[in-house]
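[1] What would the 3D arrangement of this be:
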Amino acid sequence: MVLENIEGNLKEAYPQVVPGTMLHSFEIMNERRNNRDLRELSFYTADGLIYFLDGSKGYTPKLAITKQPHNLVLRNLEEAFDQLTRHENYYPDTEQASEAIRAGETEVFDLTKLKLHKYNSETSYLTIPTFGGLDNEGLRIAQRVYGHGTDFLKNMKMLKDAGIEETRIYVTSPDYVQKHATKGQFARASWLNNFDYESQFSAFGRYVNYDDRVRGVRKKTDNDQFSAQKSDNSSDFLRRGASAEYRFPTRDEILVSLQPHIPLPLWAGFAETIPVQAQTYGDILQKAVDGKYLCSTSGRPFKRSLRKLFPK
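    Have a look, this model is predicted:
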């Protein structure tokens, strides 16, 4: 079976994957060691995320990271997609959530024991130095995301050799969990950034309507007559690039279209984030959001202009 990069938002891309083959964050990191093309791309990952309050310890805010079979966002994608895009959090069935948290491969982390830095009112992050120096709890979550044992050491070396001195794991802040998990466990989606963004991992994903990609084995269809000829590093970029009906916009076209929506003092910084090589709608939108280049009134027109550059 051949691994592919399947583009789209999570609701569009995940149903095209053979169940059980979508890669977790650490699996993508492992593959990046030999497949350098994957370093330039960001991905939705198969890691499941459940935030909850542990009542046995004074309602301590915790994060459970599950393997794909217990990823409740993927298991209940229609419902989860709707709740995440409309209401920020997905509240799954309580029994399903409890079962996922108790699953043997699930790892649970006490958010109050992680050395988190405040990012905003909703999110915080843990800094992961690629040269070492983590405490036990920090190392435990870092290895869950970036690989265990020797894989972790090799993947940190890969990042360091690429000039990345530190990466980050973003989580939902403990105080946010204290407030929003009072009515039950809530789930989020997961996302692994490309090397331009230090391969940071998002454990708070709710923007599941962003166009990005998943990596897994594509389901065969009656029209997929060329599926057996696809290689391990095949991607939608290569397939769409071979089509006479589609071409990615150039860097100049992207900048001309988006300049009216970026405040002038921030324009130079935003322009530097757009490389010569084509990227997806989700990659560019993420750069604008994460870099705080959009103001409250420019978000929607920015997305409309960007969507015109990347039609379905």
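[2] show me where the chain has strands.
    Taking DSSP state E to define them, one finds strands in the chain at 3-8, 43-54, 60-66, 107-110, 117-118, 123-129, 166-172, 186-192, 201-205, 212-217.
[3] Would you convert those strands into TSV that also reports mean neighbour count and distance to Gln83?
    Backbone N, C-alpha and C define where each C-beta goes, glycine included. Below are the strands of the chain laid out as TSV (neighbours: other C-beta atoms under 10 Å; distance: least, C-beta to C-beta, whole Å):
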stretch	mean neighbour count	distance to Gln83
strand 3-8	23	19
strand 43-54	24	14
strand 60-66	22	18
strand 107-110	16	23
strand 117-118	10	25
strand 123-129	20	18
strand 166-172	23	15
strand 186-192	26	9
strand 201-205	26	13
strand 212-217	24	19
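[4] How about stretch 180-187, which residues are buried there?
    Under the neighbour-count criterion of 16 or more other C-beta atoms under 10 Å, stretch 180-187 has 180-181, 185-187 buried.
[5] What distance do you get for Ala187 to Ser98?
    Look at Ala187 and Ser98: by C-beta to C-beta, to the nearest Å, they are 12 Å apart.
[6] Asn136 too?
    Taking C-beta to C-beta, one finds Asn136 at 26 Å from Ser98.
[7] do the same with Phe204
    In terms of C-beta to C-beta, Phe204 sits 21 Å off from Ser98.
[8] one step back: out of the buried residues of stretch 180-187, which is nearest to Thr112?
    Closest approach to Thr112 among those (C-beta to C-beta): Ala181, at 13.5 Å.
[9] Which pLDDT does the model give the residue nearest to the closest one when sequence neighbours are not counted?
    Distances taken as C-beta to C-beta, 6 or more residues apart in numbering place Leu53 nearest to Ala181, at 4.8 Å, with adjacent residues excluded. Per-residue confidence (pLDDT) for Leu53: 97.
[10] my read: Leu53 touches Gln178, true?
    Yes: applying C-beta atoms under 8 Å, one finds Leu53 in contact with Gln178, separated by 7.0 Å.
[11] Need the overlap of contacts for these two.
    59, 61 (C-beta atoms under 8 Å, 6 or more residues apart in numbering).
[12] Thought Asp110 was touching Val177, still the case?
    No: using C-beta under 8 Å, Val177 is not in contact with Asp110; the gap is 11.0 Å.
[13] Now the common contact residues for those two.
    Common neighbours of Val177 and Asp110 (C-beta under 8 Å, 6+ apart) are 61-62.
[14] beta partners of the nearest residue to Ser173 once chain neighbours are set aside?
    Sequence neighbours aside, Ser124 is the residue nearest to Ser173 in space, at 4.5 Å (criterion: C-beta to C-beta, 6+ apart). Assessed by DSSP bridges, Ser124 has beta-bridge partners Lys118, Val171.
[15] tell me the contacts of Ser124?
    So Ser124 contacts 116-118, 170-174 (C-beta under 8 Å, 6+ apart).
[16] Could you do Asn89 as well?
    Taking C-beta under 8 Å, 6+ apart as the test, what Asn89 contacts is 83, 180, 186-188, 206.
[17] roughly how far apart are it and Glu122?
    10 Å.
[18] Equivalent analysis for Val171, please.
    Distance from Val171 to Glu122, by C-beta to C-beta: 10 Å.
[19] who touches both of the two?
    Joint contacts of Val171 and Glu122 (C-beta under 8 Å, 6+ apart) are Phe204.
[20] Quick check: nearest residue in space to Pro301, chain neighbours excluded?
    Closest residue in space to Pro301, ignoring its immediate chain neighbours: His261 at 5.4 Å, by C-beta to C-beta, 6+ apart.
[21] Return the member of the buried residues of stretch 180-187 nearest to Phe43.
    Ala187 (18.3 Å).
[22] Is that closest one in contact with Ala80, as I believe?
    Yes: using C-beta under 8 Å, Ala187 is in contact with Ala80, at 6.7 Å.
[23] Quickly list what's touching both of the two.
    In contact with both Ala187 and Ala80: 72-73, 90, 92, using C-beta under 8 Å, 6+ apart.
[24] Between these, identify the one with the most neighbours.
    Counting neighbours by other C-beta atoms under 10 Å, Val73 leads those with 27 neighbours.
[25] How about that residue, nearest residue that isn't a chain neighbour?
    With C-beta to C-beta, 6+ apart as the criterion, Val73 has its nearest non-adjacent residue at 4.3 Å, and that residue is Ala80.
[26] beta partners of Ile6?
    Assigned bridge partners for Ile6, using DSSP bridges, are Val214.
[27] Quickly note the distance from it to Asp196.
    From Ile6 to Asp196 the distance is 21 Å (C-beta to C-beta).
[28] tell me, which helix in the chain spans the most residues?
    helix 149-161 (DSSP state H).
[29] could you say what helices and strands it packs with?
    With contacts taken as 3 or more C-beta pairs under 8 Å, 6 or more residues apart in numbering; DSSP states H and E, helix 149-161 sits against helix 25-32, helix 136-146.
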